[in-house]
Each structure stands twice: as structure tokens, then as C-alpha cells.
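# Sequence and predicted structure are below.
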Amino acid sequence: MSETNSAAEVAAPHRYTAAVAADIEARWQDFWDANGTYEAPNPSGDLAGDPAVAARPKKFIMDMFPYPSGAGLHVGHPLGYIATDVFARFQRMTGHNVLHTLGFDAFGLPAEQYAVQTGTHPRASTEANMVNMKAQLRSLGLGHDKRRSFATIDPDYYKWTQWIFLQIFNSWYDEDAKKARPIAELVAQFESGERAVPADETGTTRAWTALTPAERAEVLGDYRLAYASDAPVNWCPGLGTVLANEEVTADGRSERGNFPVFKSKLRQWNMRITAYADRLIDDLDGLDWPDAIKLQQRNWIGRSEGARVDFPVGTEGDAITVFTTRQDTLFGATYMVLAPEHELVDKIVPAAWPEGTHEVWTGGHASPAEAVAKYRAFAASKSDVERQADAKEKTGVFTGAFATNPVNGEQVPVFIGDYVLMGYGTGAIMAVPAGDQRDFAFARAFELPIHCVVEPTDGRGTDTSTWDDAFGAYDAKLINSANDEISLDGLGVVEAKAKITDWMAAQGIGEGTVNFRLRDWLFSRQRYWGEPFPIVYDEDGVAHSLPESMLPLELPEVEDYSPRTFDPDDADTSPETPLSRNEDWVNVTLDLGDGPKRYRRETNTMPNWAGSCWYELRYLDPHNSEKLVDPAIEQYWMGPREGQPTGGVDLYVGGAEHAVLHLLYARFWSKVLFDLGHISSAEPFHKLYNQGMIQAYVYRDSRGFPVPAAEVEERDGQYFFEGEPVKRELGKMGKSLKNAVTPDEICAEYGADTLRLYEMAMGPLDVSRPWDTRAVVGQFRLLQRLWRNVVDEASGAVTVTDAEPDDATLRALHKAIDGVSQDLEGMRFNTAIAKITELNNHLTKSGGAVSRSVAERLVLLIAPLAPHVGEELWRKLGHTSSVVHADFPVADPAYVVDEAVTCVVQIKGKVKARLEVSPSISDEELEKVALADEKVVAALDGAGIRKVIVRAPKLVNIVPA
RNA sequence: GCGGCCGUGGCGAAAUGGUAUACGCGAGGGCCUUAGAAGCCCUUGGGCGAGAGUCCGUGAGGGUUCGAAUCCCUCCGGCCGCACCA
């Protein structure tokens, strides 16, 4: 406290000041901890409590848990935590059993990079960071059930992450039942012959019992929901690890670190999330999520309906299978394009160019093989950025081969081109240049025929040589599309699609199908700081899962945990796992049920998303050593119920940046666990809410470098730092931009309650807005005036009276109760605070002592938002139990309406008069009063009346003749 | 390029078909004070007017309606997502 303030303290020793705030906040935080105020009872088990509380309707209110970053918190971080806390407190006061807690997502790259920078073990630095963050969060007065908190790095937690991995590993997706089933049931089907064993590479089929263990493992690998494969993966030399598609940006760089990412064939673990593509889309319908996030997930999964069509090629009965969404335009397919790396390319390339091959097609190369090799090298040399920049210009080369268009027998040339992506569909397309802009551009570049099969509706005519672009509108009719057996001519697109699809199926040349953009989830990383895979390999290289009794498989203590990174631009590198450096840990003798044998451990670790895929479940039953979660407890908190048929967390708050990463992975794991009968909800999060970001002004000097925002001065709309003018822009808050404001400094200046109120009052929770330290004082003043309405600043005595409040005050009170209740329920915290402020201002202006009944209800209204002041004033008002579990006030409808309301009288929509009328006035009566009003009569000036619109009691609008 | 969201006082914002600017910041004035970066009170969208008043006003233009910040169309500006997805 500065010296100048001490004079004020002498004059008003019991005023609400920062010192008072600090005192009561520390006191109540200790009280809450000591009394377990925020502990939510489970219906059974070690966290069971008051059965009466457990019998209440439940609310599970959750935040996206934080990384324990070394940088500490700035005021932007706790925005969501404060919001869920306010909401949770309101729910507690309205008769709910509220589960609200917070853990830490502590594995992963950031924690590891920080540890490497500081030269400490990741566990040590992570745990130190968690201690700091917990202290910062505790000082905000967040009401968490601390018994349920954990970190994903706790062996007791990741034991179950590993257990779930094994559940997924030991499952397959039954396409008929549309659900995951234990792999043992698949083995039984193979053994009994109920299901045929798939043919091997040579095309021969053998009985299950005739296969070696390694062969069986290979067959099962094609079914398991977690499997190792040699597919091309995203290899990031700069980070020294492979990455999931979701972690690679659109321009082919790592989301973290912004290093180049290369496609490389490496044996890696994958999760068969594609098996759930349909369900992941369909189940979005039942979720209460922002439309924007649902849309992002739908786009990411990318479901499109179309057909697979086989185009015969070569002499050995091969066919190029394409995926198309426009099978109706098959008659217009005049060439084909394969992705450069398509496996059929080498097989179909002839020794020499066919007679008379166009020079444009050969690219000037002597042979097809040379042309293909050169083009492949060219395509591979292009980064994704370049490839996309060149998107308008279509490149490719003729393979020398022709395929047969199955609907008209035409021989169509087969090209390779990098505008066809190996990772989508079948990696091959039929090109319909008349209908597709990309095919059109390619056809023009290579002088390929363009057949019009959809009649243009824009007057351009059917002579494609005059066209500037493709035409493929859905509302047009097919033409030139008939053979001896089928005609699509005259049909609309939709009917034509249906007809040709049926015909192709009957002919055995194609079938209707659904294609997804979603790829399987690459699940292994070359990192130390992650969950080890509970997998060992025998001498034949066959993967075995560890039995549950060997979990958790703990991370070994190693000397060197840093990742092996490379020159970020050097694609000719391959990953090295830190765990492989520890031979003693890697090579082990284990008894997996058939006697002690030598095994080699898997040395990859899981991605940092693993721990966050299921943490909501562990909050429910965090100490259970027998099970992931007790079924009865899981059912209680997560189970489907009326109005929430999918079940799940009642409210999940976090940033929109997790739209397709965490939220998709977590949904996937939930569905697997649901299918296997471990949990009762197939969706983890029923309601999702994305909070906005707290932004901050960034001030840059003439060189563009950020200067410390706290030291910038404003004069007449200009900004100066050390006398020099600086430019202001809006950006993120953070240390690097020198504009971070910490909750600690705001708490020291005003207290946590003020910080909470300010963050909630800034604006709607889902909108981003700039932080303004100067404006924080407004919420401090609210608390000060509230305090003054209850406590005498000179004596500290409670000043409330037992006299009945006057009518105007009662109406102000009940309107506030009504509005605040609705606003809190709807998470409109900013307007809730405005209504509390209005009520408090009314009491201040009324003068004299406030009635006890009004003061108490005002305290209850603000308690969820400012819990320390709430507790303190509640106690001062004579209550001995915590305000946390007090009942939220209920509005009396009789006082929610005003005694008299102002009715506006408009003429042609312009306000001409205001009348004080009863809220219950009838339309007829109001019209009579309005028309008799002298101002209205004067404004009408004798004009006749055409029409009168009456909306009693607020409005009358007169339309003169 | 495609899709989505959003433009309201000096600033954060309220009002989602019915009195535009609630609530807060800032600013101006006053009280208190030796002093005020504390606290309290008043004023605060713009124009005209001494005043009562009156006209204009929600990015721009148009439309629907008795009535539009709100619904529709076109344009301008900003933010976000996806991006050769067949």
C-alpha cells in the first residue's frame, strides 16, 4: 500500500480495499480447503459422501486442462476457468451435485522442449511448473474438488492410458455390427471358418491353423484398431519426430515449430479412426456444440458420396479404380490421371511410346519410363507450399498406357499428375474436363478431348472448343450419355447418378460408395516425454501386448532424454527414439504366459493427445486401482438421460483451436470404450463452449520491435515509449510481445474477486476482446460500493436494517434476481454483472440503511462471481454456513413487472409521446388513452387514422391516412 | 478460390422485429481534502436552438414491414476455418 492510501484507511478503516481483499481471500481459500467445500460426492466408492447431495441432479462442468508451462499464467489463461467456476457455483446454489475439478496435461513437446532448454529432467520441471500454476489458480478462488485432480504423467494415470491403448490394440471393427469387438472374437471366427482368412500377397488362401504366428499377427494387424504399418508418414526432421495429419499445417509445416514436413515411409503405429468416420459425423447431431466446430469436424472427416469405378488397363486383368462423386458424367471421361506415386504406374508403363504419341504428352522424353521417372522426381522435389502455389498450372506426363472407359469402351490415355493426391480416394481419377475445372485446365494444357455431357444452362452452347471453363451444374440435364444398354440423356444429375450406379453394380464394373477425407491417426512419436507403449516384440518381430499386471510400464530414468533432431530441410534422415538408447530397458526377459522369453520393447512413445483422450473419465473415479472407472460412478456422471440421450460432460469449456485434434480423438476413444462395454456414453462432451481470447495491445517501435506495453504513455491518441512514438496494434498476450499482464499483479492491486468480475464483465464469453488494465477498477468500485451498502466504513459494523424494503427496491431486487438467474444459466455473465450493478446502484442512490432481506439476496446473487466477498458478507450478515451451498434467490413474479411502465406512442414509427400506464392495461384501453393524448392529437394535426398497432403495454404505433 | 462469423459512442459493450447506446472505462465539471492517481455527486452520440424542443444517427446503398442495429439483396472492411478432396 502506498503512503497516500493510508490516510484514506484512517478515514475509512473498514472500506473494501486491496488489503481487505487479500485478507479475506486468503482466509476463505484456507477455509474451503480445510472444509472440503467443493468436494462432490460420488454415489459410491472412496469419494462417496452425503447421499442427499448425491441424490441431486448432477452437473459435470469441465475445462480443457492446461499444460504446466514454465512461463506461468497471464490474465488470458484463466478466463475459461473463471467462467466454468461461476457457472459451477450457480449450479451448486440451484440444487445440483456439481463435479468441477482441474488436472494437468503434462506430457508432450512443450514440456519436453522447456526441460531441454533449462537442462532439467522433464518430470522435475513439469512438477515445479504445476506447483506454480496450482498456487496461481488457487488464488483465483476456483472451486475445484482437489481430490479428483491428477496429471497425465502420474503413473497411476498413464497406467490406464496404456490399458486403453491395449483395449484398442486388441479390438477390431465389425463392419456388420458397426462397432468394435475384442480381437479374440475375430480369431474365433477365423478358427471356426465362420470368416474366411484373407488371401496373402500371392493370392492364396490358407486355413487359420496353417498360418505361422507371424502370419497370423500380420493378418490381425489389418483388423486391429491400433496397428503398426509402413505407410508414408509425416516426418519432421526439425522436431525429430513423425506427426499426425492434424498436426501438419496446410502449407506442409509442423504446427509446432513451423518446420518442413516430408512424406517418408516409416513403420509407425496408427489408430484406425477411419472405421468410425460415419459415427463421428452422425453423432455430432445430438451434441450441443457450436455449429462452427461441428462444421469443422464434418469438413475434416470429409464424407462424400459417390462411386468407385474400374477402368480396365493392360493385358493382365488389372484395373484402375477411381473414386468419383460425378459418376453421372462417366461418358465424358476422356482421360485418367494417377497420383505420381500410385502403385499401378510401374506396371502399366510400356517399353516405348505408342505410335504417333503427341509431343506435349511425352514431355520430350525418349521413353515412358524415363518420363515417369523424371516427373516423379520433379513432383517429389516440390514442397507442399510450391505445389499449392502452382495449383492453377496443371502439370503431368503420359504413362504410355491406355485404359478402357467401361461405359463406352473408349481407349483413354492414362497420365500421372500431381494434382491427383495419393492420400485421397484411390489416388486416381477419371477426368471429365467438360465438368471439372481442374480437368479442364489439364485437358487444355495437354490438348485432350473435352466431351460435353451436361447440357449448359448458361447459353454457352455444347461446342467445348469455345469454352473458357468447365460446366457441371447440378441442376442441368445429361446429354451424349448413352450406350446400347443404358441412356442417361435427359435425366437430371441426381437421377442419372442413381441409374448409372445401379447399372455399374449390375455389370460388376463399379459400385456406389462413400469416401472419407479422414486418414488413420498416426499414433507414435520419437520422444522421451510421453507414455511408453505397453508392447514388446518377440524374436520374430511379432508384437505382443503386456498383460494388465505389468502396467503401468513406467518411463525409464535415462541420462539423455532429448530428442534427436536434424537439419529441418534434410528429408533423407530417419527418426531415432530416445528410449532406444537404454538397452537395459529395451531388452527384457518376460513371461507372457508361455514361459520366460527374450523381448524387445517398443521404443516409440504416445503423442501428447493420448492423455487428454479420456481424462474426463478419470475425474470421476481417480483412485480406482482395479478399473478405469467404476461403472456405477461413470453411469451417474456421464450416462445418457432425458434431454441428453448421448450422455457426456454437461459443459466443456475451452479454446476453438482444438476443434479437430483433441475433440476428434477424444470422441474416437469414447466410442471404442463404449463399444467394448467399459462406459455408458459414446460421446465424451455433451455441451461444448468455446471461450474467446483475451487479446492485448502490442506497441512496436520504429524498427517493428515490441516495447514493454506497461511503460507506453498515451498523449492525444498517440503512443510513446521513452519519448519515442510507437505504433499500437491488437495481438495475443504474451511475454514475447512484452504485453503480458499476470493475474498475480491484478490480484495484488485489487483482489481476485475484482479480477474475476472484470474478466466476466468484459463482454460475451465467446468473443475475443482486448484487455484493458485501466478498466479493471470499475469492478473494484462495484465491490467497494456493495461492501459499503452492508458494512459501515468507519466502524466496520453491519448497517442493514430489519425494516421492510420499499416497493421500488423490491421491484429492483426481483427484476435483478430474475435477470441474473437467466443470464447465469445462459452463461451471459457480462449482463448478469450489469444487472447486479444496477441493483447495487439503486440501493446506493436510495440512501439510508439497506434492508437485510435485500442485502442478503444481493450477496447471494454476486456470490458465484465474487465468492470471497460473497462468503465474507454472508458471514457478516450472521450466517454460519458457507454461501457456496446456500440457495440461490428466486424471483417473485409479482415484483418482476413494474408498477407502471412507459408506453411509447409512435406515429409512423417515430416516437411522439410517452405515457405512464399499468403493465396490465388492455390493447383497447391503451389505444384509447394514446389517441386521446394531447401531444398525439397535436402531432396528428387532424389527419385521419389508417391503422393503429397496439402492443400493450409498451407501444402504440399510429399510421395516419 | 470456397465456407463461416462479425461491423453500434472516444473505448469494452447492451438491445436479436417495438423507447438505440443498459452496465463499465475514459473524459468534463463539482464536493471532500494540506493534497488526490482514493471516495462521493452531476454531465457525457452528433447538429441546430437561450430554452421548450427539433432533426440526424447502429460500415455503405437498396428492399420487406405500421415499425429494422435486428430479416432479405448488393457492395465495402475485419476475423476465422478449409484449400487441386475428384
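Good, I have the coordinates.
# Pull up the per-residue confidence for residue A:697.
With respect to pLDDT, residue A:697 has a value of 88.
# Ok, residue A:2 next?
pLDDT, read off for residue A:2, is 41.
# got it, and residue A:385?
63.
# what do you get for the one 10 residues further on?
pLDDT for residue A:395: 91.
# Relative to residue A:442, how far out is it?
9 Å (C-beta to C-beta, to the nearest Å). Where C-beta positions appear, they are placed from N, C-alpha and C, glycine not excepted.
# who's more crowded, those two?
Counted by other C-beta atoms under 10 Å, residue A:395 and residue A:442 do not tie: residue A:442 has more neighbours, with 23 against 19.
# May I see the buried residues of whichever strand or helix holds that one?
In this structure, residue A:442 is located in helix A:437-445 according to DSSP states H and E. Within helix A:437-445, the residues scored as buried using 16 or more other C-beta atoms under 10 Å are A:438-443.
# Turn the residues you listed into TSV, including distance to residue A:183 and pLDDT.
TSV is the format used below for these (distance: C-beta to C-beta, whole Å; pLDDT from 0 to 100):
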residue	distance to residue A:183	pLDDT
A:438	42	91
A:439	43	94
A:440	48	93
A:441	48	92
A:442	45	94
A:443	48	94
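# For the nearest residue to residue A:736 once chain neighbours are set aside, give me its contacts.
With C-beta to C-beta, 6 or more residues apart in numbering as the criterion, residue A:736 has its nearest non-adjacent residue at 7.5 Å, and that residue is residue A:706. Residue A:706 is in contact with A:698-700, A:736-739, counting by C-beta atoms under 8 Å, 6 or more residues apart in numbering.
# Does residue A:706 have any beta-bridge partners, and if so which?
Beta-bridge partners for residue A:706, by DSSP bridges, are residue A:700.
# With residue A:303 instead?
Going by DSSP bridges, residue A:303 forms beta bridges with residue A:516.
# so it sits right up against residue A:279, yeah?
No: here residue A:303 lies out of contact with residue A:279, judged by C-beta atoms under 8 Å, at a distance of 11.2 Å.
# Put the alpha carbons of the helix or strand harbouring residue A:127 into PDB.
Under the criterion of DSSP H and E, residue A:127 resides in helix A:122-138. Output of helix A:122-138 as PDB, limited to C-alpha atoms (Å, rounded to 0.1, in the frame of the first residue of the first chain):
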ATOM      1  CA  PRO A 122      11.100 -33.100 -17.800                       C
ATOM      2  CA  ARG A 123       9.400 -34.600 -14.700                       C
ATOM      3  CA  ALA A 124      11.200 -32.100 -12.400                       C
ATOM      4  CA  SER A 125      10.500 -29.000 -14.400                       C
ATOM      5  CA  THR A 126       6.900 -30.100 -15.100                       C
ATOM      6  CA  GLU A 127       6.200 -30.700 -11.500                       C
ATOM      7  CA  ALA A 128       7.700 -27.400 -10.400                       C
ATOM      8  CA  ASN A 129       5.600 -25.700 -13.000                       C
ATOM      9  CA  MET A 130       2.500 -27.500 -11.700                       C
ATOM     10  CA  VAL A 131       3.200 -26.200  -8.200                       C
ATOM     11  CA  ASN A 132       3.400 -22.700  -9.500                       C
ATOM     12  CA  MET A 133       0.300 -22.900 -11.600                       C
ATOM     13  CA  LYS A 134      -1.700 -24.500  -8.800                       C
ATOM     14  CA  ALA A 135      -0.800 -21.600  -6.500                       C
ATOM     15  CA  GLN A 136      -1.800 -19.100  -9.100                       C
ATOM     16  CA  LEU A 137      -5.100 -20.900  -9.800                       C
ATOM     17  CA  ARG A 138      -5.800 -21.300  -6.100                       C
END
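# just checking, what packs against it?
helix A:109-118 (3 or more C-beta pairs under 8 Å, 6 or more residues apart in numbering; DSSP states H and E).
# what's the span of stretch A:91-103, first residue to last?
21 Å (C-alpha to C-alpha, to the nearest Å).
# buried residues in it?
In stretch A:91-103, counting by 16+ other C-beta under 10 Å, buried: A:91-94, A:96-103.
# Likewise for stretch A:714-734?
Within stretch A:714-734, the residues scored as buried using 16+ other C-beta under 10 Å are A:719, A:721, A:726, A:731-733.
# Tell me who's in contact with the residue in the stretch 801-950 of chain A positioned nearest to RNA strand B.
RNA strand B sits closest to residue A:909 of the stretch 801-950 of chain A, with a gap of 2.9 Å, by C-beta to the nearest atom of the strand. For residue A:909, the contact set (C-beta under 8 Å, 6+ apart) comprises residue A:957.
# Please tell me how far it sits from residue A:959.
9 Å.
# and what of residue A:778?
44 Å.
# How about the residues of the stretch 701-850 of chain A by RNA strand B?
For the stretch 701-850 of chain A, the residues in contact with RNA strand B (C-beta under 7 Å from any atom of the strand) are A:761-764, A:767-770, A:772, A:774-775, A:777-782, A:784-785, A:788, A:828, A:830-831, A:833-834, A:837-838, A:841, A:844-845.
# Can I get the buried part of these as one PyMOL selection?
A single PyMOL command is used to select the members of those judged buried by 16+ other C-beta under 10 Å:
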select buried, chain A and resi 761+762+779+780+782+784+788+828+830+831+833+834+837
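# Now the spatially most central residue of chain A. Its backbone dihedrals?
The centroid of chain A falls nearest to residue A:659 when counting by C-alpha atoms, centre = their mean (2.5 Å). With angles defined as degrees, to the nearest 10, residue A:659 sits at phi -50, psi -40.
# Nearest spatial neighbour of it, chain-adjacent residues omitted?
Here the residue nearest residue A:659, using C-beta to C-beta, 6+ apart, is residue A:296, at 4.3 Å.
# what's the single nearest residue of chain A relative to RNA strand B sitting at in phi/psi?
At 2.3 Å from RNA strand B, residue A:778 is the closest residue in chain A, using C-beta to the nearest atom of the strand. Dihedral pair for residue A:778: phi -60, psi -40, per degrees, to the nearest 10.
# What parts of the stretch 251-400 of chain A come near RNA strand B?
Residues of the stretch 251-400 of chain A lying near RNA strand B (C-beta under 7 Å from any atom of the strand): A:291-292, A:295-296, A:299-300, A:302, A:304, A:306, A:323-326, A:339, A:387-388, A:390-391, A:394.
# Of those residues, which belong to helices?
A:291-292, A:295-296, A:299-300, A:387-388 (DSSP state H).
# Break chain A down into its domains, please.
Following automatic domain parsing, chain A resolves into domains at A:1-35+A:750-897, A:303-516, A:695-731, A:899-960.
# the helices in the stretch 801-950 of chain A, which residues?
Per DSSP state H, counting those that start in this stretch, the stretch 801-950 of chain A carries helices over the ranges A:807-825, A:829-846, A:852-862, A:867-876, A:893-896, A:923-932, A:934-940.
# Lowest average confidence across those, which one?
helix A:934-940 (a mean of 81).
# Can you list the buried residues in it?
In helix A:934-940, counting by 16+ other C-beta under 10 Å, buried: A:936, A:939-940.
# Go through the residues you listed and say which is closest to residue A:284.
Among the buried residues of helix A:934-940, residue A:936 lies closest to residue A:284 (C-beta to C-beta), at 54.4 Å.
# so who does the closest one touch?
When contacts are taken as C-beta under 8 Å, 6+ apart, residue A:936 is in contact with A:905, A:907, A:912-913, A:930, A:958.
# now swap in residue A:581 and tell me
A:558, A:560.
# What residues does residue A:823 make contact with?
A:829, A:831-832, A:835.
# and residue A:27, what is it in contact with?
Taking C-beta under 8 Å, 6+ apart, one finds nothing in contact with residue A:27.
# Quick check: phi and psi at it.
According to degrees, to the nearest 10, residue A:27 has phi -60, psi -50.
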